[in-house]
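Asker: below are the sequence and a predicted model for it; my questions follow.
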Amino acid sequence: MYNDFNMKHTITLIVIALLLFVGWWYIAFQREGVTVPNGADEAEQIDVIEATDPLNTTYDIDGEAFALVDGLVQKSIAPDSASKNTVRTFGEPAYGDIDGDGDDDAVLILVQDFGGSGTFYYVAVAVNDNGIYKGTDTILLGDRISPQNYSIFDGRAEV
């Protein structure tokens, strides 16, 4: 009878541990990138995003749209490829009024990494339009550089 009791507790503990592991795995690995809802193509997905934060909006890098979620997005480089095209923010956004409408816009640095030796830095602006941040086209700063300061001063983004 004592062995049955220990066996039931052991099985219960194993099931609880398994459920905790599955929950951790789901949270940790489901943030790899933005998923496309209901099979919509990426252009439709980007239209859906209404970002109240410059870390959660869409930016254009060399003609390709990247919809960041919490400052990160990863895309497969090719179908069935393990390599990822990763775009993430570098540091925190700097805020100030860039378009003269009285609300805080943002300037930020984006880092693009294809998984190789190059790391490309871009400057981007997110314009605040009635509380919704809209990302802009980016400007390449360089490869394997170390940006120091960036801000919005007197209506201009300065890097």
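Answerer: In hand now; what should we look at?

Asker: and the strands in the chain?
Answerer: Applying DSSP state E to the chain gives strands spanning 58-61, 64-67, 72-76, 84-96, 105-113, 119-129, 132-135, 139-143, 151-153, 156-158.

Asker: please name whichever of those strands is nearest to residue 14.
Answerer: strand 72-76 (33.3 Å; Cβ to Cβ). Glycine gets a C-beta too; all of them are placed from N, C-alpha and C.

Asker: what mean pLDDT does the closest one get?
Answerer: For strand 72-76, mean pLDDT is 89.

Asker: distance of residue 117 from residue 147?
Answerer: Plainly put, residue 117 is 19 Å away from residue 147 if you go by Cβ to Cβ, to the nearest Å.

Asker: typed the wrong thing, it's residue 116
Answerer: Note on residue 116: its distance to residue 147, by Cβ to Cβ, is 20 Å.

Asker: the more surrounded of the two?
Answerer: Using other Cβ atoms under 10 Å, the more surrounded residue of residue 116 and residue 147 is residue 147, with 15 against 8.

Asker: quick check: closest non-adjacent residue to that one.
Answerer: Among residues not flanking residue 147 along the chain, residue 109 sits closest, at 5.2 Å (Cβ to Cβ, 6 or more residues apart in numbering).

Asker: over to residue 153?
Answerer: Excluding its sequence neighbours, the residue lying closest to residue 153 (Cβ to Cβ, 6+ apart) is residue 96, at 7.0 Å.

Asker: can you check residue 52 too?
Answerer: residue 131 (5.9 Å).

Asker: I'd assumed residue 158 was in contact with the residue nearest to residue 153.
Answerer: No - counting by Cβ atoms under 8 Å, residue 96 stays clear of residue 158, with 9.8 Å between them.

Asker: hang on, the earlier thing: so what's the residue nearest to residue 147 up against?
Answerer: Taking Cβ atoms under 8 Å, 6 or more residues apart in numbering as the contact definition, residue 109 lies against 89-91, 121-124, 141, 147, 150, 159.
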